[in-house]
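Peer 1: Have a look at this prediction, sequence included:
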Amino acid sequence: MEIELQEIRDFVAAVPPFDLLPENELNLVVRKLGIRYIRRGKSLSDGVENITSVFIIRQGSVSLYAADDKLFGMLAEGDLSTAYCAEGGDEALDARATEDTLIYSIPCDVLFDIVAKHPEAAAFLQDTPHRRLSDAVKSAQQKASQTATLMNTPLSALINEEVIDIDYEASIHDAAVKMTEYGVSSLLIMDGGKLVGILTDRDIRSRCLAKGLSAEVPVNQIMTRDPIFVDSDSLAFDALMMMTQKNIHHLPVIDGGKALGIITATDLIRQEGKNAVHITRSIHRAETVDALAEISKLIPDLQLQIISTGGSAEHVGRAVTAVSSAITRRLITLAELKYGPSPVPYAWVAAGSQARREQGSHSDQDNGLIISDEMKPEDEKWFSSLADFVCDGLDACGFVYCPGDAMAKNPQWRQTENIWTSYFTQWINTPEPKSLMLSSIFFDMRVIEGDKNLLSNIQSKISSQTKNNQLFLAHMTANALQHRTPLGFFRDFVLVDDGEHKDTLDLKHKGIVPIIDLARIYALAEGLNAVGTVERLKAAAGSPSLSQDGSANLLDAYEFINRLRIEHQAAQIRKGEMADNFLSPKRLSRLERAHLKDAFKVVQTMQESLSQRYHAGHIG
Amino acid sequence: MFDFLLSEDSRRRKMLELAPEGPVRDYLSAPLIDRSRDIHSVSLLPLDFETSGLDSSKDHIVSAGYVVIERGEIQLSTATHELVRTEKLLTEESVVIHKITDDAASAGSPLDEVVAKLLQSLAGKVMVAHNAKIEISFLTQACRDLYGVSPRFPAIDTMRIARQWLERRNKEIEQGDLRLFNLRKRYGLPMYQAHNALTDAIATAELLQAQIAHMDSSKCLPLKQFLK
């Protein structure tokens, strides 16, 4: 290779799939490169008979239009398009420079030759979006299952609290105050910047209180001097072994002479995935809303730990929902203690994400009360007290009020079985925008506490009304199609379907929700009882509504987008930020962008076919 | 115009008779390109020389870089970079600019091989260079030294195109405005870190593409418009 072409080669080398090629192959590619300059507004095919090459944008940008002049993508520096290498050639395609643009083109044949030798590159270029996506999901799952067990997690990954320490001349009383304040069972004792000892709850008990020592005595009198410590690079497993051998429960973690914190036996055991169990157990013991609110502060950590031990988005959803449901039940019990037993049978139902078992640490609450038809007007007071207590309690625990007021606190969603049934019937028969919005919340419903029959009675009445109800399903589809996935990315922006750019990607509304909506419609159309999205997609697979392939593709898309979402949230939680759904494309690698685009494509294809099935395009 | 073409072509044929067997003769055997042809259909050869100085009678070619533009597309498969083996010691100044040391230059090819290969590539194409008088004068001098005779080399000068473009718009031309680097920036072309004959030839090629793209494309752009 001419060293002079290195700059061009280095540019190409960063563009997938060329990033997979060894240097010698890459040099061959660069030797086949053509360079063209396209004036803004001009088409790539202007003055060219027939384009048969892949092109890469070196500088500038290009918009891609389909036959109907519909924008389907935008490319900027470093983006590649194989549109002109599609089988049979895409004659309808129009690629137009939106800025003055310098493009590199590589003949399709050269590329086909090269990818034939490199199967991993071939997968990128020749496969359909859903095939590439499926591979990406599989490899992410493999990676996750290989990572982060007690066996191979370094301690540095487990320590995320600030260092809680105290000066060696401070009094035992001061130390006890600090430990209480931070809710810790041990303190690092420092002399200047140097770790000189460790003090635990037990030291205060056995070396101070039991001996009748004054609490004003300095901590250095009762601390364990020169404690055994562990390096932050050590594995969690090693730390656990050290504790077991020395029969100690607290180990200072040191990084290059600097104390990072203390790791406890509980930290390590919790790492084994028993965290949800621990949390749930303490929820059952909580006597007040304040205590529950305190426990619920552990939920972000729970989410973090599941992710760092290789869990999927589904694991997070199930664990968080298990905890939120335990909190809900505990709140109901506390309310019943306060207001007495319920006058008539009822069911506390979760709607939305809690019903689907897809909550995250930042989810809001959607719920309702189905009350027995025996209810008398004077009973309403009891149920309104219950609803206020539980909804307020959930809000205090971080499951904030539903912005749309879809909560039992709202009298509209605190009704008898008969009235609920009439609601559903009305939504089904007069599918107007508001009804459709409510349908998308309340068709996902699950009993958390109380009489399950109250809900199943309603469901059995309505499922016959929705199954194969073309008009209702057409309206649900038209409504679902309002949530569109983006077209892809343009520079560091998200490209939405009207060509507008956004600087963050809403992973929930532009990624997950469209899939959740599709799954709901398949379930309604087929009269399935499944509530979770994954459950619904699996149950509907092979039915008239959803092919086996379509189901598999959507499951991959769902898993991929959700994984990005939980990893994004994990990063936020680690930084001490509130978890949200807004991801900046700057944080995405080129490969992740490519896979996301494939996931979006899968969703668009399924939305399109559903739209055709119900002629939803005619509903406006 | 036809007369001009005729005289130009008869001059070529006359020289062809005089030229000795070899590269110059081969070069002259290719008919001249019709100057009324649209620039997009003409084969071009952007070229850059690194030289030991600016005076072709005293200084010499240190390296040559060139690449073909065919149907409006730069073909990297044709990218060529040749160092010229030279007995003469390089001046310190030119070493600093071109980063070609005597060691590197002594590893290059003899001038006659470099020129012969270049003439072969240039036959049937039009030379493109930034400030083309340097490339024309050094190539002419080399041909005279090697073969006793030199063809005339019509060339497209990207610097002259830029100057004309600015003058036509009554823009004041400031120092440095016409440098390759600054002109490329004006067209939003990427920056190249390296400074050598091939990179500069490619940089010139891209600049010409940009200049052509910015001209009124609804009309035919005859070659002769670029040779003035």
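Peer 2: Yes, it's here.

Peer 1: Write out the residues of chain B neighbouring chain A.
Peer 2: Within chain B, the positions adjacent to chain A are B:40, B:65, B:71-77, B:79, B:81, B:187-190, B:192-194, B:196-199, B:202, B:205-206, B:209-210, B:212-214, B:217 by C-beta under 8 Å from any C-beta of the partner chain. Quick note: C-beta positions are derived from backbone N, CA and C, even for glycine.

Peer 1: Can I get the helix or strand where residue A:519 lies as PDB, trimmed to CA atoms?
Peer 2: Assigned by DSSP states H and E, residue A:519 belongs to helix A:513-526. Provided in PDB are the C-alpha atoms of helix A:513-526 (Å, rounded to 0.1, in the frame of the first residue of the first chain):
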ATOM      1  CA  VAL A 513     -43.900   1.200  22.700                       C
ATOM      2  CA  PRO A 514     -44.400   0.400  19.000                       C
ATOM      3  CA  ILE A 515     -43.600  -3.200  19.700                       C
ATOM      4  CA  ILE A 516     -45.800  -3.400  22.900                       C
ATOM      5  CA  ASP A 517     -48.600  -1.900  20.900                       C
ATOM      6  CA  LEU A 518     -48.200  -4.500  18.100                       C
ATOM      7  CA  ALA A 519     -48.100  -7.300  20.700                       C
ATOM      8  CA  ARG A 520     -51.300  -6.100  22.300                       C
ATOM      9  CA  ILE A 521     -53.200  -6.100  19.000                       C
ATOM     10  CA  TYR A 522     -52.000  -9.600  18.100                       C
ATOM     11  CA  ALA A 523     -53.200 -10.800  21.500                       C
ATOM     12  CA  LEU A 524     -56.600  -9.000  21.200                       C
ATOM     13  CA  ALA A 525     -57.100 -10.300  17.600                       C
ATOM     14  CA  GLU A 526     -56.400 -13.900  18.700                       C
END
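
Peer 1: Packing partners of that helix?
Peer 2: If contacts are counted by 3 or more C-beta pairs under 8 Å, 6 or more residues apart in numbering or on different chains; DSSP states H and E, helix A:513-526 sits against helix A:470-480, helix A:533-540, helix A:548-574, helix A:590-613.

Peer 1: Of all those helices, which one is nearest residue A:117?
Peer 2: Set against residue A:117 and scored by C-beta to C-beta, the helices and strands packed on helix A:513-526 come closest in helix A:590-613, at 20.3 Å.

Peer 1: Taking their axis directions, that closest one and helix A:470-480 sit at what angle?
Peer 2: Helix A:590-613 and helix A:470-480 are oriented at 150 degrees to each other (axes from the mean of the first three to the mean of the last three C-alpha atoms, to 10 degrees).

Peer 1: What is helix A:590-613 packed up against?
Peer 2: If contacts are counted by 3+ C-beta pairs under 8 Å, 6+ apart, helix A:590-613 sits against helix A:129-146, helix A:470-480, strand A:488-490, helix A:513-526, helix A:548-574.

Peer 1: pLDDT on the first one, on average?
Peer 2: By that I understand helix A:129-146. Taken as a whole, helix A:129-146 carries a mean pLDDT of 66.

Peer 1: what does the second one give?
Peer 2: Predicted confidence along helix A:470-480 averages 90 (mean pLDDT).

Peer 1: Which of the residues in it are classified as buried?
Peer 2: Within helix A:470-480, the residues scored as buried using 16 or more other C-beta atoms under 10 Å in any protein chain shown are A:472-480.

Peer 1: thinking again about what came up before, so what touches the helix holding residue A:519?
Peer 2: Here helix A:513-526 makes contact (C-beta atoms under 8 Å, 6 or more residues apart in numbering or on different chains) with A:356, A:358, A:440, A:443-444, A:466-468, A:472-473, A:476-477, A:479-480, A:483-485, A:528-531, A:533, A:536-537, A:539-540, A:543-546, A:554, A:557-558, A:561, A:603, A:606-607, A:610.

Peer 1: swap in stretch A:544-557?
Peer 2: Here stretch A:544-557 has contacts from A:130, A:133-134, A:137, A:515, A:518-519, A:521-522, A:525-526, A:534, A:537-538, A:540-542, A:598-600, A:602-603, A:605-606, A:609, A:613, using C-beta under 8 Å, 6+ apart.

Peer 1: try stretch A:37-54
Peer 2: A:34, A:36, A:55, A:60, A:62, A:80-82, A:84-85, A:89, A:94-103, A:105-109, A:111, A:125, B:40, B:71-72, B:187, B:189, B:206, B:209-210, B:212-214, B:217.

Peer 1: out of the residues you listed, which are buried?
Peer 2: Buried, going by 16+ other C-beta under 10 Å: A:34, A:36, A:55, A:60, A:62, A:80-82, A:84-85, A:94-103, A:105-108, A:111, A:125, B:72, B:187, B:189, B:206, B:209-210, B:212-213, out of the contacts of stretch A:37-54.

Peer 1: So which of the residues you listed belong to strands?
Peer 2: Of those, the ones assigned to strands by DSSP state E are A:34, A:36, A:55, A:62, A:80-81, A:94-97, A:101-103, A:105-107.

Peer 1: Closest one of the residues you listed to chain B?
Peer 2: residue A:34 (4.1 Å; C-beta to the nearest C-beta).

Peer 1: any idea of the pLDDT on the closest residue to residue A:339 other than its chain neighbours?
Peer 2: Leaving out its chain neighbours, the residue that sits closest to residue A:339 by C-beta to C-beta, 6 or more residues apart in numbering or on different chains is residue A:385, at 5.0 Å. You'll see residue A:385 listed with a pLDDT of 97.
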